[in-house]
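Trainee: with the sequence up front, the predicted model follows.
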Amino acid sequence: MLLIVGVVLLFLLPSPWNLVALLVGLVLWLGEVYGIWRLVRKKQVQAGAETLVGRTATVIAACRPLGQVRLSGESEIWRARCAQGADAGETVRIVGLDELTLLVERS
């Protein structure tokens with residue numbers, strides 16, 4: 001945005017000031033790009049099934065020990081393993097992952 005302002009001022013201001021405005025706009029734009037780059041660089045990408053650990057789910061097929069759960073607030077259905085066993089309708093917490101099977105325990 002600041003670079004665009006500098007280019008517009010290049011055509012609107014008189015001779016020496018138009019180049020000054022362009023250079024100031026360019027420097028401010030580079031500072032803005034650097035600031036955004038630093039902010040984005042620090043963020044960790046969170047993707048994949050590992051992000052499910054700690055969330056809650058509802059059992060839709062009894063887990064004795066294998067069954068199925070639906071993630072809270074979503075329509076995703078996952079295969080789950082519960083060592084203590086859980087009946088349909090119970091709420092469980094996801095504690096781990098074994099390939100594509102969620103490891104859950106009763107809440």
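Mentor: Looks like it arrived, so ask away. Numbers count the residues shown, from 1 in each chain.
Trainee: contacting residues around the residue lying closest to L66 once chain neighbours are set aside?
Mentor: Spatial nearest neighbour of L66, chain neighbours left out: R81 (5.5 Å); criterion: CB to CB, 6 or more residues apart in numbering. From N, CA and C alone the C-beta is placed, and that goes for glycine too. Counting by CB atoms under 8 Å, 6 or more residues apart in numbering, R81 makes contact with 63, 65-67, 98, 101-104.
Trainee: so which of those residues wins on neighbours?
Mentor: Highest neighbour count within the contacts of R81: V104, with 28 neighbours (other CB atoms under 10 Å).
Trainee: what about that one, which SS state?
Mentor: strand (DSSP: H, G, I helix; E, B strand; the rest coil).
Trainee: the lengthiest strand in the chain: how far from the chain's middle?
Mentor: Longest strand in the chain by number of residues, with DSSP state E as the criterion: strand 91-98. Relative to the centre of its chain, strand 91-98 is centred 20 Å away, using CA atoms, centre = their mean, to the nearest Å.
Trainee: packing partners for it?
Mentor: Where contact means 3 or more CB pairs under 8 Å, 6 or more residues apart in numbering; DSSP states H and E, strand 91-98 is packed against strand 56-61, strand 77-82, strand 101-106.
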